[in-house]
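In: How does the following fold in three dimensions:
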Amino acid sequence: MLRSISRLTTPTLFNTFRYRAFASTETGNEVLVERLDGERKGITVISLNRPQAKNSFSRSLVQEFEKVLDGLEHDNGSRCVILRSSTPGIFCAGADLKERKAMSTDETTEFVTSLRELLMALEQLPMPSIAALDGHALGGGLEMALACDMRTAAENTKMGLVETRLAIIPGAGGTQRLPRILSPALAKELIFTSRVLSGKEAKEFGIVNHAVPQNDSGDAAYQKALEIAEEILPNGPVGVRMAKLAIDKGIQVDLNTGYSIEEICYSQVIPTKDRLEGLQAFAEKRKPVYKGE
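Out: The predicted model follows:
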């Protein structure tokens, strides 16, 4: 049974871990990428930067974001990604309804498909991702945050899947991710009612990991996301990525298959130099220096 699962699963599971050298991402003005230095080296910050339209999803923003994610997929130097907004008070308002209004039915279908694929690519990044919600995240904006591994939010942030107000449904994965994060019944209540929650309420529901009081700089959620990322950095990057893969793949299958996926993921860390470095550092009573090898 295990051998059969291994043959079927291994190529699919680990094709994203064939690393190559990473070239700097070419971005426009709507999606900004910053790689932090010093003690925060390894943290990559993606900032949505379309303030005139409340960071709403336009064709151009989606295209820019796709290029960024394509680069990050093969970036062995990025150990954690933080997604935030450069615009105070707003994370993402969802779809650009002005642009959407001018689309034909076929163009709308094509755009929603491209947005869904974008958020799937975000979800499937090999390294951990954290959405920092210092401003409102509505509709597709919350769907984007749900595609990240973790979420932090300011207590006064507003968020909700509000698509039914427009006689549509969440179309970029929201109907699938929210029930898995909460429960089908709670997700149905929030989606059917188009309810908008505060960051504090979202924490009580379990939608966000942490809700923090907003600070004078308006970046409290981002600062909390940095704290989490800094806790991740010292750990073995291959181990962290394999743990993410085991969780993400395992949660989609029955428990016995999940155990097999975990075994496959564990087998990938056994031959690494990082594992030997961890053992050596423990014996020498020092901090390990992991290189992702």
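In: quick one, strands of the stretch 1-150 of the chain?
Out: Per DSSP state E, counting those that start in this stretch, the stretch 1-150 of the chain carries strands over the ranges 31-35, 43-48, 80-85, 90-92, 129-133, 136-138, 150-154.
In: what about the chain, any weak spots by pLDDT?
Out: 1-28 (pLDDT under 70).
In: domains of it?
Out: According to the TED database, the chain is divided into the following domains: 31-233, 237-284.
In: if we can go back for a sec, of the strands of the stretch 1-150 of the chain, which approaches Q63 most closely?
Out: strand 31-35 (9.3 Å; Cβ to Cβ). Backbone N, C-alpha and C define where each C-beta goes, glycine included.
In: In that closest one, which residues are buried?
Out: Across strand 31-35, burial judged by 16 or more other Cβ atoms under 10 Å covers V31, L32, V33, R35.
In: And these, which is closest to A220?
Out: Once Cβ to Cβ is applied, the member of the buried residues of strand 31-35 that ends up nearest A220 is L32, at 20.0 Å.
In: dump the residue contacts of the closest one.
Out: If you count contacts by Cβ atoms under 8 Å, 6 or more residues apart in numbering, L32 has them with I46, S47, N49, S86.
In: Disregarding residues adjacent in the polypeptide, which is nearest to the first one?
Out: The one in question is I46. The spatially closest residue to I46, leaving aside those adjacent along the chain, is L83, at 5.0 Å (Cβ to Cβ, 6 or more residues apart in numbering).
In: That neighbour contacts I43, correct?
Out: No: counting by Cβ atoms under 8 Å, L83 does not reach I43; the two are 11.8 Å apart.
In: So which of those two has more stuff around it?
Out: L83 (26 against 23; other Cβ atoms under 10 Å).
In: what's the spacing between the more buried one and L32?
Out: 11 Å (Cβ to Cβ, to the nearest Å).
In: okay, and the common contacts of these two?
Out: I46.
In: Stretch 218-233: which residues count as buried?
Out: Here stretch 218-233 shows D219, A220, A221, Y222, K224, A225, L226, I228, A229, I232, L233 as buried, counting by 16+ other Cβ under 10 Å.
In: phi, psi of the fifth one?
Out: Just to be clear, that refers to K224. phi -70, psi -40 (degrees, to the nearest 10).
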